[in-house]
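Trainee: How does the following fold in three dimensions:
(chains A and B)
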Amino acid sequence: MSDNNNQWPLWEIFIRSKNGLEHRHVGSLHAADAEMAIENARDVYTRRMEGVSLWVVESKDITASNPENMGELFEPAIDKVYRHPTFYDVPDEIKHM
Amino acid sequence: MSPEINLEKAFQDRIDKGEKIEPKDWMPEKYRKTHIRQISQHAHSEVVGMLPEGNWITRAPSLKRKCALLAKVQDEAGHGLYLYSAAETLGISRDEMIEQLHSGKAKYSSIFNYPTLSWADMGAIGWLVDGAAIINQVMLTRTSFGPYARAMVRICKEESFHQRQGYEIMMVLASGTPEQKEMAQDALNRFWWPSMMMFGPRDEESTNSELSMKWKIKRKSNDELRQQFVDNSVPQAEYLGLTIPDPDLKWNEERGHYDFGDIDWNEFWQVVKGDGPCNKERMEARQNAWDNGKWVRDAAMAYAEKQSKSKSIAV
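Mentor: A predicted model of the protein is given here:
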């Protein structure tokens, strides 16, 4: 029988591929604790030098936005074209701008 | 229209536009179930797929081959884990999936129910079995469900090494002594047809195909993929100087493809239904690994709990 209460918790794994770049989410895995999550992430996600640094975060600690609220969260940005440089007319002969 | 129908239409519109579906998005229940089934069975295939090759790790003919085989088997464990994680985003637990494998409710690729009798089988598996898997998996990098597609991209990047190391094994054997060449031919003879079966039933008999295409889970049919496999493999076999065991195999100028003979579908269904040469052995190995690993899982959990308790007391 499965015993979900005793299943190792799920961790989200983030990798910095090289110094100078940000950590990126690559997937998830199960581990009993943070230390084991780092060791497992090393084996599962960096077998070919994919990273120089790992973050592990327990999945339950992540709060995600709800796709149903996408409109109210992100639509306000759509009609604000004046936030982009191309909204403003500057003649071609003006350099360095 | 009922709200449910509206949602389904909006969902189909997103698929038709080529948008990816992410785990928290609304999706039809059948889309969720189909993915749980397909992704978990794909994961099981990776995990069970370690067994036939594990059989040869200690008997690899050189250190180079042993390193390659170990790395390949380790990749397969990794691929299984990427896929289990992708399936878990849809709300099924890891333990449930493993239980479905053990109870026989979930299937895995039948190819792994064939035995690996000689070292040449490591070559044939890499070349043909991984070759067939790559054709399927390259298509799946464009599948509509985001986590599945991303897992596939990662897997495809790693899989190419699997096929090349297999083909290299075949090349070395095929250009060796007559006995070695014979070993390579024997492995090809035994793995050709089971590899052809990996693409599943013929299109007209494939029950899940239509919906899979509509939802862009699959983008090519079983028969299209199988044809691609044949067309890829024939020149590769010719280069090796080996003969594909199909007397009906011949180039069709008009179609621009190779014609090939009939698959033994009785054998296919027999193995799917559990009566292949190694079904029982494979499941016993998985079940034993799970049972014998229980104390490790429990001990790790107990240790983690103890550590977190002593930490909170210290604060």
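Trainee: next structured bit after the longest helix belonging to chain B?
Mentor: Taking DSSP state H as the criterion, chain B has its longest helix at helix B:146-174. Remark: after helix B:146-174, the chain's next helix or strand is helix B:178-197, criterion DSSP states H and E.
Trainee: can you pull the buried residues of stretch B:98-114?
Mentor: B:98-102, B:106-114 (16 or more other C-beta atoms under 10 Å in any protein chain shown). In short, each C-beta sits where N, CA and C put it, glycine included.
Trainee: so which of these are also by chain A?
Mentor: Restricting these to those near chain A by C-beta under 8 Å from any C-beta of the partner chain leaves B:98, B:99.
Trainee: Could you dump the buried residues of stretch B:98-114 into JSON lines and include distance to residue B:209, secondary structure and pLDDT?
Mentor: Listed next are the buried residues of stretch B:98-114 as JSON lines, based on distance: C-beta to C-beta, whole Å; DSSP: H, G, I helix; E, B strand; the rest coil; pLDDT from 0 to 100:
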{"residue": "B:98", "distance to residue B:209": "28", "secondary structure": "helix", "pLDDT": "96"}
{"residue": "B:99", "distance to residue B:209": "28", "secondary structure": "helix", "pLDDT": "96"}
{"residue": "B:100", "distance to residue B:209": "22", "secondary structure": "helix", "pLDDT": "97"}
{"residue": "B:101", "distance to residue B:209": "24", "secondary structure": "helix", "pLDDT": "97"}
{"residue": "B:102", "distance to residue B:209": "28", "secondary structure": "helix", "pLDDT": "96"}
{"residue": "B:106", "distance to residue B:209": "19", "secondary structure": "coil", "pLDDT": "95"}
{"residue": "B:107", "distance to residue B:209": "16", "secondary structure": "coil", "pLDDT": "94"}
{"residue": "B:108", "distance to residue B:209": "20", "secondary structure": "coil", "pLDDT": "96"}
{"residue": "B:109", "distance to residue B:209": "17", "secondary structure": "coil", "pLDDT": "96"}
{"residue": "B:110", "distance to residue B:209": "18", "secondary structure": "helix", "pLDDT": "95"}
{"residue": "B:111", "distance to residue B:209": "20", "secondary structure": "helix", "pLDDT": "97"}
{"residue": "B:112", "distance to residue B:209": "23", "secondary structure": "helix", "pLDDT": "97"}
{"residue": "B:113", "distance to residue B:209": "23", "secondary structure": "helix", "pLDDT": "97"}
{"residue": "B:114", "distance to residue B:209": "25", "secondary structure": "coil", "pLDDT": "97"}
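Trainee: between the buried residues of stretch B:98-114, which is closest to chain A?
Mentor: residue B:99 (4.7 Å; C-beta to the nearest C-beta).
Trainee: Show me what from the stretch 51-200 of chain B comes close to chain A.
Mentor: Taking C-beta under 8 Å from any C-beta, the part of the stretch 51-200 of chain B that reaches chain A is made up of B:71, B:74-75, B:78, B:81-82, B:85-86, B:88, B:93-96, B:98-99, B:150-151, B:154, B:158.
Trainee: ChimeraX command for the buried members of those residues?
Mentor: If you want just the buried ones from those in ChimeraX, going by 16+ other C-beta under 10 Å, the selection is:
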select /B:71,75,78,81,82,85,86,88,93,94,95,96,98,99,150,151,154,158
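Trainee: Tell me where the chain has strands.
Mentor: You didn't say which chain, so I picked chain A. A:10-16, A:23-30, A:53-58 (DSSP state E).
Trainee: think we crossed wires, I meant chain B
Mentor: Taking DSSP E to define them, one finds strands in chain B at B:250-252, B:257-259.
Trainee: tell me what the first one is packed against?
Mentor: When contacts are defined as 3 or more C-beta pairs under 8 Å, 6 or more residues apart in numbering or on different chains; DSSP states H and E, strand B:250-252 packs onto strand B:257-259.
Trainee: All the helices of chain B, residue numbers only.
Mentor: Using DSSP H, the helices assigned to chain B run over residues B:3-16, B:29-48, B:50-57, B:63-88, B:94-103, B:120-124, B:130-140, B:146-174, B:178-197, B:209-214, B:222-240, B:265-270, B:279-292, B:294-314.
Trainee: and the longest one with helix B:130-140, angle?
Mentor: An angle of 160 degrees separates the directions of helix B:146-174 and helix B:130-140 when computed by axes from the mean of the first three to the mean of the last three C-alpha atoms, to 10 degrees.
Trainee: Could you tell me which residues within helix B:146-174 count as buried?
Mentor: B:146-152, B:154-155, B:158-159, B:161-163, B:165-167, B:169-171, B:173-174.
Trainee: Report the central residue of chain A.
Mentor: residue A:25 (4.2 Å; C-alpha atoms, centre = their mean).
Trainee: Relative to residue B:228, how far out is the residue nearest to that one when sequence neighbours are not counted?
Mentor: Nearest residue to residue A:25 in three dimensions, chain neighbours excluded: residue A:14, at 5.4 Å (C-beta to C-beta, 6 or more residues apart in numbering or on different chains). Separation of residue A:14 from residue B:228 (C-beta to C-beta, to the nearest Å) stands at 36 Å.
Trainee: Residue B:124 now?
Mentor: 19 Å.
Trainee: ok, these two, which is more surrounded?
Mentor: residue B:124 (30 against 18; other C-beta atoms under 10 Å in any protein chain shown).
Trainee: Tell me the pLDDT of that one.
Mentor: pLDDT, residue B:124: 98.
Trainee: Tell me which residues touch residue B:23, please.
Mentor: Contacts here follow C-beta atoms under 8 Å, 6 or more residues apart in numbering or on different chains; on that basis residue B:23 touches B:89, B:90, B:146, B:147.
Trainee: Quick one: low-confidence residue ranges for the stretch 201-315 of chain B.
Mentor: Scanning the stretch 201-315 of chain B with the threshold set as pLDDT under 70 gives B:315.
Trainee: Show me which residues of it sit near chain A.
Mentor: Counting by C-beta under 8 Å from any C-beta, the residues of the stretch 201-315 of chain B near chain A are B:297, B:298, B:300, B:301, B:303, B:304, B:307, B:308.
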